[in-house]
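Visitor: My questions concern the predicted model and sequence given below.
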Amino acid sequence: MANEHLGRTLRRYRRLAALTQEELAERSGVSVDVIRQLEQQRKHSARLPTLHALANGLGVELTTLLGDPPAVAATGESDGPRFVAVRRAIMPALGGVEPEQTGPDFSIENLREQIADGWSQYHAAEFDALMKALPDLITEARSATASGGEDDRAAGYGALAKVLQLGGHVSVRMGKTDLALISLERAIEAAGRSSDPLLVPMVVNSTAWTYQRQGRLEDALSIALHAARDMADAGRTETADGLKVRGALTMSAATSAARSGDYERAAAMMKTAETEAARVSKLPESGDNRMVSVFSPSSVRIERVRLAVQYGHPHDALALAKGMRLSKDTPPSWRTWLLLDVARAHTDVGDAAGAVKTLESLRRVAPTWMQHHTLAVAIVRDLWSLPNHPPGLAALADFLGVAE
């Protein structure tokens, strides 16, 4: 995989982990000479198994080393006007004007519907449309917190929490994790002033995911477990929505444990999550699925596949994925992650044809996500470097610009 930023990224995350090159070599099983060549940019590429081992040694996602998705590349502090507008909405200028009162045509139900549509756009990788709409949604939600009676303002804070949470997720996808944490901190503050007790733990889960992206695995594990315990202690898991939120927190904690090398603890947490997921369909739902944490038997199985690939057990991953039936409410983003992990597992066992077949399925069901995801590009680049190209690979390489 060619990546001119790979060496700098590797060096930065190694230093954040307080590891020497020799210590990273020992933890990852990658020779210190390869690490040195990559960091000094004398070597500009590495195969996926090498990158996977380095990511595991650093405790970060593989996509962290691969860099920002090509269609949403980050450019440091100098961003285009659309992302500047998102920044300004999340962080209004110091000393700026107070939120305006909502107009006579304002409807909190309509605002919530627009925010739910925004989450659907996020899961479908429709980032351009989402970034265009996001600043106005945040501004309108802020106005709702300053209008009407106490109940109206509480509903406004609930809307503001969900749209700032969405802003945090978009910021992560743009490679701006520090901005994401600012948005999520403000979302938690707003959630605390709403009347929905599930909002705070939902945003905490997003914060844990962002910490994972930064390699802050201990922090991610701690806040996810703490929020899950608080929900149980407060009896917030007697509805499907409450169980989804707690289950998502449990899965998040399992992912952090796995990336920290504590696979036994991660496996125990995933077993708990699987038990809780089986209960979801038996409990009454009370909210819009688009506005609640993604958690179901399908999402648990998808995460198990991902962790099996990360553990270096591709055969187990393929066995888990075989014949899997996804629930209708599984978002395109989760379908994408599953197919990418299955494609990775096929490449790990030397089945190039199986990897191509899986990526062809991904192109059919989620073409936009495929173009946004650096892992798809990395897998196709690895396959393209093989002496014999399986049928269908040329079309995928052309679709992703790998064959240029």
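Guide: Happy to help now that I have it.
Visitor: in stretch 366-380, what's buried?
Guide: 366, 369-380 (16 or more other Cβ atoms under 10 Å). C-betas here are computed from N, CA, C, even on glycine.
Visitor: mind checking the end-to-end distance for stretch 98-114?
Guide: This stretch, stretch 98-114, spans 23 Å end to end (Cα to Cα, to the nearest Å).
Visitor: how about the strands in the chain?
Guide: In the chain, no segments count as strands under DSSP state E.
Visitor: farthest residue from the center of it?
Guide: Distance from the C-alpha centroid of the chain peaks at P104, with 37.6 Å (Cα atoms, centre = their mean).
Visitor: that older thread, need the buried residues of stretch 366-380 in a markdown table (columns: distance to A277 and pLDDT).
Guide: Below are those laid out as a markdown table (distance: Cβ to Cβ, whole Å; pLDDT from 0 to 100):
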| residue | distance to A277 | pLDDT |
| --- | --- | --- |
| A366 | 23 | 88 |
| W369 | 23 | 85 |
| M370 | 27 | 87 |
| Q371 | 31 | 83 |
| H372 | 27 | 77 |
| H373 | 25 | 83 |
| T374 | 29 | 83 |
| L375 | 25 | 87 |
| A376 | 27 | 90 |
| V377 | 32 | 87 |
| A378 | 30 | 87 |
| I379 | 28 | 90 |
| V380 | 32 | 91 |
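Visitor: Of these, which belong to helices?
Guide: 369-372, 374-380 (DSSP state H).
Visitor: What pLDDT is listed against the residue farthest from the centre of the chain?
Guide: Looking at P104, its pLDDT stands at 83.
Visitor: so what's it up against?
Guide: By Cβ atoms under 8 Å, 6 or more residues apart in numbering, the contact list for P104 is empty.
Visitor: per-domain residue ranges of this structure.
Guide: Following automatic domain parsing, one finds the domains of the chain at 1-67, 75-196, 321-404.
Visitor: with the ones in helices among the buried residues of stretch 366-380 in mind, which one is nearest to R306?
Guide: Nearest to R306 among those, counting by Cβ to Cβ, is L375 at 11.2 Å.
Visitor: Next, format the buried residues of stretch 366-380 as a markdown table and append distance to D33.
Guide: Output for the buried residues of stretch 366-380, formatted as a markdown table (distance: Cβ to Cβ, whole Å):
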| residue | distance to D33 |
| --- | --- |
| A366 | 39 |
| W369 | 36 |
| M370 | 34 |
| Q371 | 35 |
| H372 | 34 |
| H373 | 30 |
| T374 | 25 |
| L375 | 26 |
| A376 | 29 |
| V377 | 26 |
| A378 | 22 |
| I379 | 26 |
| V380 | 28 |
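Visitor: how about these, which pair is most distant?
Guide: Going by Cβ to Cβ, the pair spanning the buried residues of stretch 366-380 furthest: A366 and A378, at 16.8 Å.
Visitor: Sketch out the low-pLDDT regions of the chain for me.
Guide: For the chain, the stretches flagged by pLDDT under 70 are 1-4, 44-45, 67-79, 96-97, 286, 403-404.
Visitor: Which member of the buried residues of stretch 366-380 is positioned nearest A268?
Guide: Distance to A268, by Cβ to Cβ, is smallest for L375 among the buried residues of stretch 366-380, at 27.5 Å.
Visitor: so who does the nearest residue to that closest one once chain neighbours are set aside touch?
Guide: Leaving aside its sequence neighbours, L375 sits nearest to L340 (Cβ to Cβ, 6 or more residues apart in numbering; 5.1 Å). Listed by Cβ under 8 Å, 6+ apart, the contact partners of L340 are 362, 373, 375-376, 379.
Visitor: make it 7 Å
Guide: By Cβ atoms under 7 Å, 6 or more residues apart in numbering, L340 lies in contact with 362, 373, 375-376.
Visitor: Can you name the two of those that sit furthest apart?
Guide: Applying Cβ to Cβ across the contacts of L340, the maximum distance is between L362 and L375, 10.5 Å.
Visitor: I'd like the distance between the residue nearest to R301 when sequence neighbours are not counted and A353.
Guide: Nearest non-adjacent residue to R301, counting by Cβ to Cβ, 6+ apart: M324, 5.9 Å away. According to Cβ to Cβ, to the nearest Å, M324 stands 20 Å off from A353.
Visitor: Any idea which of the domains of the chain gets closest to V204?
Guide: Across the domains of the chain, closest to V204 is domain 75-196 (Cβ to Cβ), at 6.9 Å.
Visitor: Off-centre distance for the closest one?
Guide: Mean-position distance between domain 75-196 and its chain equals 18 Å (Cα atoms, centre = their mean, to the nearest Å).
Visitor: on that earlier part again, and of the ones in helices among the buried residues of stretch 366-380, the nearest to Q37?
Guide: Nearest to Q37 among these, with distances taken as Cβ to Cβ, is A378, at 18.7 Å.
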